[in-house]
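Engineer: pasted the sequence and its predicted model underneath.
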Amino acid sequence: MVRLVLWDVDHTLISTRGVGRELSAAAFHRTTGIELREQAKIDGITEPVIFRETAKLHGLVSDRNDFERFAEALAEEHLKRSAELRERGHALPGAATALDALAAQGVIQTVVTGNVRPVAEIKLQVFGLDRHIAWELGAYGEDADERPDLVRLSLTRAECPSGDAVLIGDTPADVEGGLTVGVRVIAVATGRSTEADLHEAGAGSVLTDLRDTNALLRLVRDHI
């Protein structure tokens, strides 16, 4: 069994069912004073890149200070509307069982996500998926713009060689982030990317979802 599993968050463990976009829109308005008309591509992209590119779509030039104000507002919006997030969103089928099963095998689990850390924490806490997450070992949107850099940072924080880790995510960007750093990827087709998309991106293993806990454990175990 591997030492470390790096989880993506959105569309891998949870779905916000549109609430996430509404909260981003509220934070964007608070930060810029402009109503969100359109949002840059978000699948597999980190929060600072999404904010920067979305600002450009509205004719704005942003800097790091703007992003930090946006990130703070975004966390506040998630906290304020956490009950609504719980009601409208949901943990994806099999997610809780998968987390429990890996923990029972002694595997350390953390998250590598484009979300800023406070938002990632709120999202998983709301759906009861946070109890096995070693947050201090993860990597988050505020840490770097690119997925490979986030994966590399998490491995450093965990003092874990790339060969002793597995990344689980739902987008080609997750796949790229893991493979670029030498981390094997188990992809799940629970987001907008199809199984074919994920195979084409280079994922060695692709699951339809996380319902088959034994299949997931076998894939993690067969890593070595």
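Structural biologist: Thanks, I have it.

Engineer: show me what the longest helix along the chain is packed against.
Structural biologist: The residue-count maximum for a helix in the chain (DSSP state H) belongs to helix 64-80. For helix 64-80, the helices and strands in contact under the criterion 3 or more CB pairs under 8 Å, 6 or more residues apart in numbering; DSSP states H and E are helix 19-32, helix 47-57, helix 117-126. Any C-beta I mention is one placed from the backbone N, CA and C, and that applies to glycine too.

Engineer: torsion angles phi and psi at residue 186?
Structural biologist: Phi and psi for residue 186, reported as degrees, to the nearest 10, are phi -110, psi 110.

Engineer: got the contact list for it?
Structural biologist: 166, 167, 168, 203, 204, 205, 206, 207, 216, 219, 220 (CB atoms under 8 Å, 6 or more residues apart in numbering).

Engineer: can you give the domain ranges for the protein?
Structural biologist: With domains defined by automatic domain parsing, the chain comprises 4-15+90-221, 19-86.

Engineer: single out the most deeply packed of those.
Structural biologist: For the domains of the chain, the largest average neighbour count (mean count of other CB atoms under 10 Å) is found in domain 4-15+90-221, namely a mean of 20.

Engineer: any chance of the domains of the chain in a markdown table, plus mean pLDDT?
Structural biologist: Shown next, in a markdown table, are the domains of the chain (pLDDT from 0 to 100):
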| stretch | mean pLDDT |
| --- | --- |
| domain 4-15+90-221 | 97 |
| domain 19-86 | 95 |
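
Engineer: which residue ranges of the protein form strands?
Structural biologist: Listed in chain order, the strands of the chain (DSSP state E) span residues 4-7, 14-15, 90-91, 108-111, 165-169, 184-188, 205-207.

Engineer: dump the ones you listed to JSON lines, plus distance to residue 62.
Structural biologist: Below are those laid out as JSON lines (distance: least, CB to CB, whole Å):
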{"stretch": "strand 4-7", "distance to residue 62": "29"}
{"stretch": "strand 14-15", "distance to residue 62": "27"}
{"stretch": "strand 90-91", "distance to residue 62": "32"}
{"stretch": "strand 108-111", "distance to residue 62": "25"}
{"stretch": "strand 165-169", "distance to residue 62": "27"}
{"stretch": "strand 184-188", "distance to residue 62": "31"}
{"stretch": "strand 205-207", "distance to residue 62": "36"}
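
Engineer: nearest to residue 66, out of these?
Structural biologist: Between residue 66 and the strands of the chain, the tightest spacing by CB to CB is seen for strand 108-111, at 24.9 Å.

Engineer: I'd like to know which elements the closest one is packed against.
Structural biologist: Using 3+ CB pairs under 8 Å, 6+ apart: strand 108-111 touches strand 4-7, helix 95-104, helix 147-158.

Engineer: for residue 47, find the nearest of those.
Structural biologist: Closest among those, using CB to CB: helix 147-158, at 11.2 Å.
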